[in-house]
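S.K.: sequence first, then the predicted structure, then my questions.
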Amino acid sequence: MSSLPFTFPGILVTEVIATPQQVVVHATSQVTQAVCPTCQEISSRIHSSYTRSPADLPSSGRKVLLVLRVRRFRCRNSECQQQTFVERLAALPVSARQTSRLGSILENLSIVLSGEAGARLALQLGIAVSADSLLRRVKKPLLHQIPPPKVLGVDDFAFRRGHTYGTILMDLTTHQPVDLFPDREAETLATWLRTHPGVQIVSRDRGGSYAEGVRKGAPGAIQVADRWHLLKNLGEAVQKLLIRHLLAFRRKKADPVSHSARQTQKPSTPIKQPIIVTPALTAIGEAREAERLARYEQVIAERVQGMSHQAIADHLGMGHATVQRWLQEEQFPQRKAREQRSQLDPFFPYIQLRQAQGCSNMVQLHHELRERGYQGSYEGMRHILLRMFPKEQKWQRAVPTKKEDPLVSLSSREAMWLFLRQPDQLTQREQPLVEHLCQIHEEVAVAYQFVQQFAFMVRNRTGGQLDTWLEAVAQSTLKDLHPFVKSIRLDIEAVEAGLILPWSNGPVEGKINTLKSIKHSMYGRSAFPLLRQKVLKAS
């Protein structure tokens, strides 16, 4: 057999020996001349030859081993320090134990699956490789240096959300990652920019550390504030305004008579009332104590029978610690009296008064108690009242009625996103909501106009109107938007560039999703250097 379906250019197969375990392919090089790697002079003088045995791609599940005879040439340049050299083969790197095509498969396995998982999959494919070999392969630095980009995207990603963050750099012209940092400090970015000159434009978020790093490392670069973050910051400012007006609107709608009076009164601290112990509450306490006594006697009886602590706990459905504590006591452990059983105790006089007046609406009662300083939830109040009062005096849940006003169930976050949406993209249900929002207060209507104007500048990149918009908002009575205006003016050059230039951090955010997939596949077992190499090589 003189040839195989897969051959290398310039290599002649002389013999193939096939066994059930492997295929051994004997071949020889047919190159008549080679180029010296030091002086680049062509030589055809053969000095000697030797045999290399690299592994190749498996065939039908069997290992393939090449027995390749290569030659060593003598350099004809008398001034060259390299007197002899080995011929270079494109399919077989120097000193490699695998062919280029097998090495490419192992490289991809190491990037996607790393060590143990990659080794298990390689064994299924007929490639015998250890997990450590795959890790060493992925940890090797890139053979080619990535040129410094002219347009750089900078963003952070979380190692552990809320605690530690890293930084990813990306070439926005090629959409390829350039480097990763284990932190998001300004000095780290500045140092990288100094050692990689040539960056002309930097797209970033609104964070101050990246802005400072670019100013220090590349003072001549144009900084571009990401447009999505601009809309996000504006939405956060508008949401504060919407929270305030929606709350006032709902309070007025719930109690229109006393709304104006409450606005003029200063909130007072609720006065602590003495605990009122009703007969029903006393009966409930006595019944619970009798139940605990019976349970205690049952624990003692089962312990006398020789049952273990854990067996008693499992049989009675109790905690092991409770059983152990009860058995250590010489007598029945009485409950310790508490001065205040719940947050609802100071409000019992008012609850009894409202019940005597005929109020049976728990929702209304909870609203009134909140106005008087009660901090508990509705479900907590309802749970207590249903247990304390007799059946004939139980409180009733209000029968839900049809909500005539659509703003009753609208959250401030939903309202904020309605403000940021384009008017022509609102659905038939959303358009009336926006109209109702603008009618609850004049400030809300003015804020909607300002938000739409800024969103138009962002979408159409008309940054020339920014100064006029900032001045109009600063002179308005919308105090919730004034901090946003102040932050824009502190970063005015980057914001104007973001509203004019086409660059943004959108591609960087997409690459962060790929980074997260790689990070999750590592399960936290490997350190940052391996993550960096896998992200850079995965592209």
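M.R.: Everything's here; your move.

S.K.: what are the neighbouring residues in contact with W503?
M.R.: Neighbouring residues of W503 by C-beta atoms under 8 Å, 6 or more residues apart in numbering: V151, G153, L172, I201, S203, V224. For glycine as for every other residue, the C-beta is placed from the backbone atoms N, C-alpha and C.

S.K.: any idea which element the fifth one lies in?
M.R.: Read that as S203. Using DSSP states H and E, S203 falls within strand 201-204.

S.K.: so what's the gap between that strand and the chain middle?
M.R.: 22 Å (C-alpha atoms, centre = their mean, to the nearest Å).

S.K.: now do whatever helix or strand comes next after it, average pLDDT.
M.R.: Next in sequence after strand 201-204, counting helices and strands by DSSP H and E, comes helix 208-217. Taken as a whole, helix 208-217 has a mean pLDDT of 91.

S.K.: packing partners for the strand holding S203?
M.R.: strand 151-160, helix 208-217, strand 222-225 (3 or more C-beta pairs under 8 Å, 6 or more residues apart in numbering; DSSP states H and E).

S.K.: what's the longest strand in this protein?
M.R.: strand 62-74 (DSSP state E).

S.K.: closest to V495 out of the helices and strands packed on strand 201-204?
M.R.: With respect to V495, and counting by C-beta to C-beta, the nearest of these is strand 222-225 at 4.7 Å.

S.K.: name the residues that touch whichever strand or helix holds V323?
M.R.: Taking DSSP H and E as the definition, one finds V323 inside helix 320-328. Residues outside helix 320-328 that contact it (C-beta under 8 Å, 6+ apart) are Y296, V299, I300, R303, H309, Q310, I312, A313, L316, P333.

S.K.: and those residues as JSON lines, adding pLDDT?
M.R.: Shown next, in JSON lines, are those (pLDDT from 0 to 100):
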{"residue": "Y296", "pLDDT": "84"}
{"residue": "V299", "pLDDT": "86"}
{"residue": "I300", "pLDDT": "88"}
{"residue": "R303", "pLDDT": "86"}
{"residue": "H309", "pLDDT": "88"}
{"residue": "Q310", "pLDDT": "88"}
{"residue": "I312", "pLDDT": "88"}
{"residue": "A313", "pLDDT": "86"}
{"residue": "L316", "pLDDT": "79"}
{"residue": "P333", "pLDDT": "79"}
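
S.K.: need the max-distance pair from the residues you listed.
M.R.: Q310 and P333 (19.9 Å).

S.K.: please identify which of those two sits among more neighbours.
M.R.: P333 (14 against 11; other C-beta atoms under 10 Å).

S.K.: which ones are touching that one?
M.R.: Y296, R325, W326.

S.K.: out of the contacts of W503, which comes closest to V129?
M.R.: G153 (35.8 Å).

S.K.: neighbours around that closest one, how many?
M.R.: Other residues close to G153 by other C-beta under 10 Å number 28.

S.K.: same deal with V25?
M.R.: 22.

S.K.: I'd assumed it was in a strand, is it?
M.R.: Yes: according to DSSP: H, G, I helix; E, B strand; the rest coil, V25 belongs to a strand.

S.K.: show me what it bridges to in the sheet.
M.R.: When assigned by DSSP bridges, V25 has beta-bridge partners V16, L66.

S.K.: surely it touches D56?
M.R.: Yes: with contact defined as C-beta atoms under 8 Å, V25 counts as touching D56 (7.4 Å).

S.K.: please identify every residue contacting each of the two.
M.R.: In contact with both V25 and D56: V64, L65, L66, using C-beta under 8 Å, 6+ apart.

S.K.: for ChimeraX, what selects the buried ones among the residues you listed?
M.R.: Filtering these down to the buried ones (16 or more other C-beta atoms under 10 Å) takes a single ChimeraX command:
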select :64,65,66
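
S.K.: for the helix holding V323, what is the average pLDDT?
M.R.: For helix 320-328, mean pLDDT is 87.

S.K.: in it, what's buried?
M.R.: Applying 16+ other C-beta under 10 Å to helix 320-328 flags T322, V323, W326 as buried.

S.K.: as a markdown table, these with distance to T462 would be great.
M.R.: Shown next, in a markdown table, are the buried residues of helix 320-328 (distance: C-beta to C-beta, whole Å):
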| residue | distance to T462 |
| --- | --- |
| T322 | 69 |
| V323 | 73 |
| W326 | 75 |
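
S.K.: partners of the strand holding S203 in the sheet?
M.R.: Short version: by DSSP bridges, strand 201-204 pairs with strand 151-160 (parallel), strand 222-225 (parallel).

S.K.: ok, residues contacting the longest one?
M.R.: Taking contacts as C-beta under 8 Å, 6+ apart, the residues outside strand 151-160 that touch it are 164-173, 178, 184, 189, 199-205, 207, 210, 214, 221, 503, 505, 507-509, 512, 515-516, 519.

S.K.: which of those residues are buried?
M.R.: So, of those, 165-172, 178, 184, 189, 199, 201-205, 210, 214, 221, 503, 505, 507-509, 512, 515, 519 end up buried under the neighbour-count rule (16+ other C-beta under 10 Å).

S.K.: packing partners of the longest helix seen in the chain?
M.R.: Longest helix in the chain, counting residues (DSSP state H): helix 227-254. Other helices and strands packing on helix 227-254, by 3+ C-beta pairs under 8 Å, 6+ apart, are helix 259-264, helix 412-420, helix 430-440, helix 442-460, helix 482-490, helix 492-498.

S.K.: and the last one, what's buried?
M.R.: Of the residues in helix 492-498, those buried under the neighbour-count criterion (16+ other C-beta under 10 Å) are A494, V495, E496, A497, G498.

S.K.: make TSV out of the residues you listed and add pLDDT.
M.R.: Output for those, formatted as TSV (pLDDT from 0 to 100):
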residue	pLDDT
A494	91
V495	92
E496	92
A497	91
G498	91
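
S.K.: and of those residues, the nearest to L365?
M.R.: For the buried residues of helix 492-498, the nearest to L365 is V495 (50.1 Å; C-beta to C-beta).
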